[in-house]
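1. I'd like to go over a predicted model; first the sequence, then the structure.
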Amino acid sequence: MEKQIKRIGVLTSGGDAPGMNAAVRAVVRTALSRGIDCVGIRRGWNGLINSDFIRMDTSSVSHIINKGGTVLYTARSEEFRQTAGQDKALATCRLLGLDAIVAIGGDGTFRGALALSRRAAEKGYQLQVAGVPATIDNDIGCSHYTIGFDTACNTAVECIDRLRDTMQSHERCSVVEVMGRRAGYLALYVGISVGATAVLIPERELDFERDVVEKIRRARLAGTTHYMVVVAEGAGNTMEISQQIHDEIGLDPRVTVLGHIQRGGAPSARDRETASRMGYKAVEAVAQNAGNCVIATQEGRLVVMDMEKALAMTKEFNMDRYDILEALTNNSGIR
Ligand code: F6P
C-alpha cells in the first residue's frame, strides 16, 4: 500500500542561486494546499544534523518570490558526507516524522539526498527525496535548465556592458572572469550576449594563438580598438591570460573577476516561473509516491526522473553555441 505523505521537509543546499526562494515558496504552498505539513530545514543538510528547523506556514513564504539568496540559508556540509552525519540527520527526520524531503540545489545536494534515503532504508525508515535543480552553473547532467542561470547571465551581461563603456573610452582590452565551476555554460551564454571578442571555456582546449591572439588581431583589423575576453573560471587563470595578452601583443588588459555578484539579486521572471513549476511538481511527485526523483527540464518540459538515473547522466555541451559565437565575432573577413 502506498504511504500517505503527511509531513515533508524542504531545504536549500550548496551555492545559492536566484530563484531558490521562489522554489521554497512553491514547495510550501503546494504542500499546504494538499494538507501536507511542511518543515523548513535551515542551513542545508547541517539543519538536519543540528535539528535547525522552522515550521512553515503560508505566510512564512510571503513576499520572498522576488528575493535573491535563500531564506532558509544554505551550506556545504562536510559532516553530512560521513555516515555518522547522515545518521544524525536521520534521527531528526524520525523525530519530526518527515516522510519526504525536497532538496533544492545542485548535484552534490542530490547525492546527499540519495545517500540519506538509502541510509534510512537500511534502518527500515522510508524517506523519499526529491531534487529541484538550482545552480547558476547550469551544470546538472539530467536537466537542460537549472534555477538561477538566467538571472546570473543577466547580471553578468549588465556588468560587462558597463565595463565595455569604459574599455571603449580608453581603447583597452578587458579580461573578465565569470563563474561556472568546471562548466562553460555561463561564459558562453554571456559571451554571445555581450558580443565578446573571445570566450574561453573548459570544454574547448585552449589554443592561445587561435582563440585569443588571432581574435583580437582580427577585431583590430576590422577597426575595433577595445576588446572583451570572457573567461570561464574553469578555463584558466585570468591573471595569467591577461599577462599573456600583454606579452604576445603588447596590450595592457584590465582584469575583472565578477565573482559572487553573479549569485545575488532579484530573480528573473524565467527563474521565478521555473522555480515555481519545479517546486509544485516536486511536491506532486512526492505526494504520489514517485520515489527518489529529480524534477528536470527536457526541451522546456518538466519531467520527473529517477534520482539514481538522473545522477548518472552527463550533459552534452552544445558546441553549436560556440560556432555561433565564432561566426558572430568581428573577424574582418580574413580567412
Ligand atoms: O556552484 C555555484 C558557484 O558559484 C560556482 O560557480 C563557483 O565555482 C562556486 O559556486 C563558488 O563557491 P563558494 O560560494 O563556496 O565560493
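-> Cool, got the structure. Numbers count the residues shown, from 1 in each chain.
2. pLDDT weak spots in the protein?
-> 1, 330-335 (pLDDT under 70).
3. just give the nearest non-adjacent residue to the residue most central in space within it, would you?
-> Residue closest to the average C-alpha location in the chain (C-alpha atoms, centre = their mean): Thr135, at 1.3 Å. Using C-beta to C-beta, 6 or more residues apart in numbering and skipping the chain neighbours, the partner closest in space to Thr135 is Gly106 (4.1 Å). C-beta here means a position set from N, CA and C on the backbone, and glycine is covered the same way.
4. would you pull up the residue in the stretch 51-200 of the chain closest to the ligand?
-> Met179 (3.3 Å; C-beta to the nearest ligand atom).
5. distance from the helix or strand containing Val230 to the middle of the chain?
-> Using DSSP states H and E, Val230 sits in strand 227-232. Centroid separation for strand 227-232 versus its chain: 21 Å, with C-alpha atoms, centre = their mean, to the nearest Å.
6. which is the next helix or strand following that strand?
-> Assigned by DSSP H and E, the successor of strand 227-232 is helix 238-249.
7. which strands and helices sit next to the helix or strand following that following helix?
-> Next along the chain after helix 238-249, taking DSSP H and E as the criterion, comes strand 254-257. Helices and strands touching strand 254-257, as assessed by 3 or more C-beta pairs under 8 Å, 6 or more residues apart in numbering; DSSP states H and E, comprise helix 149-170, strand 173-178, helix 238-249.
8. in TSV: these, plus distance to Asp57 and mean neighbour count.
-> Shown next, in TSV, are the helices and strands packed on strand 254-257 (distance: least, C-beta to C-beta, whole Å; neighbours: other C-beta atoms under 10 Å):
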stretch	distance to Asp57	mean neighbour count
helix 149-170	27	18
strand 173-178	39	26
helix 238-249	46	16
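9. quick one: which of those is nearest Val257?
-> Taking C-beta to C-beta, strand 173-178 is the member of those nearest to Val257, at 4.4 Å.
10. contacts for the closest one next, please.
-> With C-beta atoms under 8 Å, 6 or more residues apart in numbering as the test, strand 173-178 has contacts from 156, 159-160, 163-164, 167, 186-187, 190, 216, 226-233, 238, 241-242, 245, 251-259, 262.
11. apply 6 Å and report the result again.
-> 156, 160, 163, 167, 186-187, 190, 227-231, 233, 238, 241-242, 251, 253-258 (C-beta atoms under 6 Å, 6 or more residues apart in numbering).
12. kindly export that strand (C-alpha atoms) in PDB.
-> Extracted in PDB, the C-alpha atoms of strand 173-178 (Å, rounded to 0.1, in the frame of the first residue of the first chain):
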ATOM      1  CA  CYS A 173      41.300  45.200 -23.600                       C
ATOM      2  CA  SER A 174      39.200  43.700 -20.800                       C
ATOM      3  CA  VAL A 175      39.600  40.200 -19.400                       C
ATOM      4  CA  VAL A 176      36.500  39.200 -17.400                       C
ATOM      5  CA  GLU A 177      36.100  36.000 -15.400                       C
ATOM      6  CA  VAL A 178      32.700  34.600 -14.900                       C
END
